[in-house]
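Novice: Need coordinates for the below:
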Amino acid sequence: MTRSTRWLYLLLLPLAVQAFQQPAGPSPAQLAAQADRQKMMDLLHIASLRQGANGNDPQAPNAANYDESKANPFPNLPDPLVLNNGKKVTSAKMWWSQRRQEIVELFDREIYGRVPKNVPKVKWEVASTKNEMNGDVPVITKELVGHVDNTSYPEVTVDMRVSLSTPANAKGGVPVILEFGGNPPGTGRGFGGPPKGAPKQPAGPTWQQQVLAQGWGYAEIYTSTIQADNGAGLVQGIIGLVNKGQPRQPDDWGALRAWAWGASRALDYFETDKAVDAKQVGLEGHSRYGKATVVAMAYDQRFAVAYVSSSGEGGAKVHRRNWGELVENIAATNEYHWMAGNFLKYAGPLHWNDLPVDSHELVAMCAPRPVFLSAGATNGDGWVDAKGTFLAGVGAGPVYKLLGKKDMGTSEFPAIETPLIDGDVAFRQHSGGHTPGPNWPTFITFASRYIKTRS
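Specialist: Prediction:
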């Protein structure tokens, strides 16, 4: 290094260090999401949105609440068995012909958005088939690709990916548990993967091995191949394809409905595969995929059972609870894309109590089919509000009973590790953190009452 080069190096080094130490600005994707959310706010004439809860700093002015005495500012939930005109629902016929349709319309318009009527068809391809072992069980694994017809807008291509594994020695079609995941293997960690510091999975067999022990199969649907998990992606994926690359309208579907739509299309394929008993397909998802699970279960009555794990706000947690994650958090730039644009109103000019429906009615839309609601301990999983999830199950109980099924059997929040699985809507809070692992055995016990391997 010459003297002049060394002099220039010493001069520029502090500037380089300073630039390195400064926090990076928003990424292009974040800027695009901010712009898209602002367009929606302008469309809805919303000047500003309230700040969400801070789950990281208990000293922050907007620190998340974990005090039960402050958690229930709006104790009265909408009655799922009262029509919009105030008339009481007194029969299963009234539920199916009137009230359920009203509730679906409100969730469509205000919460999750509508699936457009012109969504293109999907053509499924078995990309590969291989024989392998999972533990000591031989399985046949098929990698599936669902090609969405994009002739209406060739600029956007959607090729959904699903992995399906069934016991190699099965005599006929078997029940399958379909799990929501993020990215396909080899493309980076999925958005739903464990955060840093997440608790380790329990020792013992994996959930797939526990399912195989029942004689069932398992499958994974990769949500990133349906719709990206960010606001910038709303002009791509299935939403962007249908909208021809244009921004959404306030009641257009968000990512949760899109992922749920993808699960339904996977079920379409399962109905054509002789290795699958398509009338006995269950759903499972954790965290944001817990949200997608309860949405998919509510909207597609073909799914047989659901395991909704730590779904939090926007999932099975009651919206009217001031605990952990709030409506305002879901309306933030990093999460608003999960919902319909109209949902933003309830973090701005309106409040949670102005919502025309709440999450107990989403669980009620699943009735009479069995649903297992789950969360971890407050220390480690408090953000998702285990009690708010339990209350949604309690609130759905009258609908289950009207349809001849059993509710949870209690309205008292149970001690941790207490399984409430005697009814058709079930609940358990495990002592682990933000993980579905500890509740898999309880879910399988619950689900085994409803789905069986046919000999």
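Novice: For the stretch 1-150 of the chain, just list every one of the strands.
Specialist: For the stretch 1-150 of the chain, strands defined by DSSP state E, counting those that start in this stretch occupy the ranges 122-134, 137-148.
Novice: Need those in a markdown table (columns: distance to residue 35, mean neighbour count and mean pLDDT).
Specialist: Any C-beta I mention is one placed from the backbone N, CA and C, and that applies to glycine too. A markdown table is the format used below for the strands of the stretch 1-150 of the chain (distance: least, C-beta to C-beta, whole Å; neighbours: other C-beta atoms under 10 Å; pLDDT from 0 to 100):
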| stretch | distance to residue 35 | mean neighbour count | mean pLDDT |
| --- | --- | --- | --- |
| strand 122-134 | 30 | 13 | 98 |
| strand 137-148 | 26 | 18 | 98 |
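Novice: Can you add distance to residue 330 and give the ones you listed back as CSV?
Specialist: As requested, the strands of the stretch 1-150 of the chain are exported to CSV (distance: least, C-beta to C-beta, whole Å):
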stretch, distance to residue 330
strand 122-134, 28
strand 137-148, 27
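Novice: Listing request: residues of the stretch 201-350 of the chain with sub-threshold pLDDT.
Specialist: 201-202 (pLDDT under 70).
Novice: Kindly report the same for the stretch 351-455 of the chain.
Specialist: For the stretch 351-455 of the chain, counting by pLDDT under 70, the residues that fall below are 455.
Novice: Strands of that one, start to end?
Specialist: Going by DSSP E, counting those that start in this stretch, the stretch 351-455 of the chain shows strands at 371-375, 425-429.
Novice: tally of neighbours for the nearest residue to residue 75 once chain neighbours are set aside?
Specialist: Spatial nearest neighbour of residue 75, excluding adjacent residues (C-beta to C-beta, 6 or more residues apart in numbering): residue 320 at 7.9 Å. Number of residues near residue 320 (other C-beta atoms under 10 Å) recorded here: 23.
Novice: Please shift the residue numbers so they start at 296 in all later answers.
Specialist: Taking 296 as the first residue, the last one we looked at is residue 615.
Novice: doesn't residue 369 make contact with residue 615?
Specialist: Yes. Residue 615 is within contact range of residue 369, at 4.0 Å (criterion: C-beta atoms under 8 Å).
Novice: can you list residues touching both of these two?
Specialist: Contact criterion C-beta atoms under 8 Å, 6 or more residues apart in numbering; residues shared by residue 615 and residue 369: 647, 648.
Novice: outside of stretch 721-737, which residues touch it?
Specialist: Contacts for stretch 721-737 (C-beta under 8 Å, 6+ apart): 489-490, 493-494, 496-497, 502, 505, 579, 581-582, 602, 604-605, 665-672, 674-676, 678-679, 681, 684-685, 688, 703, 709, 711-716, 741.
Novice: Kindly report the same for stretch 327-344.
Specialist: Contacts of stretch 327-344 (C-beta under 8 Å, 6+ apart): 321, 525-527, 529-530, 542-545, 623, 626-629, 631-632, 636-637, 639-640, 642-644.
Novice: quick one: buried residues of it?
Specialist: 327, 328, 331, 332, 335, 336, 341, 344 (16 or more other C-beta atoms under 10 Å).
Novice: Mind checking which of the residues you listed land in helices?
Specialist: Of those, the ones assigned to helices by DSSP state H are 327, 328, 331, 332, 335, 336.
Novice: Would you enumerate the residues in contact with the nearest residue to residue 323 once chain neighbours are set aside?
Specialist: Nearest-residue entry for residue 323: residue 527, 7.6 Å, with adjacent residues in sequence omitted and distances by C-beta to C-beta, 6+ apart. Contacts for residue 527 (C-beta under 8 Å, 6+ apart) come out as 323, 324, 325, 327, 328, 331.
Novice: where do the helices sit along the stretch 546-695 of the chain?
Specialist: Using DSSP state H, counting those that start in this stretch, the helices assigned to the stretch 546-695 of the chain run over residues 550-565, 583-594, 622-625, 654-661, 673-676, 681-697.
Novice: Tell me which of those helices lies nearest to residue 464.
Specialist: Across the helices of the stretch 546-695 of the chain, residue 464 has its closest neighbour in helix 550-565 (19.4 Å, C-beta to C-beta).
Novice: what angle sits between that closest one and strand 432-443?
Specialist: For helix 550-565 against strand 432-443, the angle by axes from the mean of the first three to the mean of the last three C-alpha atoms, to 10 degrees is 120 degrees.
Novice: where's helix 550-565 relative to the chain centroid, distance-wise?
Specialist: Centroid separation between helix 550-565 and its chain, computed with C-alpha atoms, centre = their mean, to the nearest Å, is 12 Å.
Novice: Likewise for stretch 361-368?
Specialist: For stretch 361-368 - counting by C-alpha atoms, centre = their mean - the centre lies 25 Å from the chain centre.
Novice: closest to residue 390 out of the helices of the stretch 546-695 of the chain?
Specialist: Between the helices of the stretch 546-695 of the chain, helix 681-697 lies closest to residue 390; by C-beta to C-beta that is 6.0 Å.
Novice: Tell me, how many residues neighbour residue 325?
Specialist: Considering only other C-beta under 10 Å, residue 325 is surrounded by 15 other residues.
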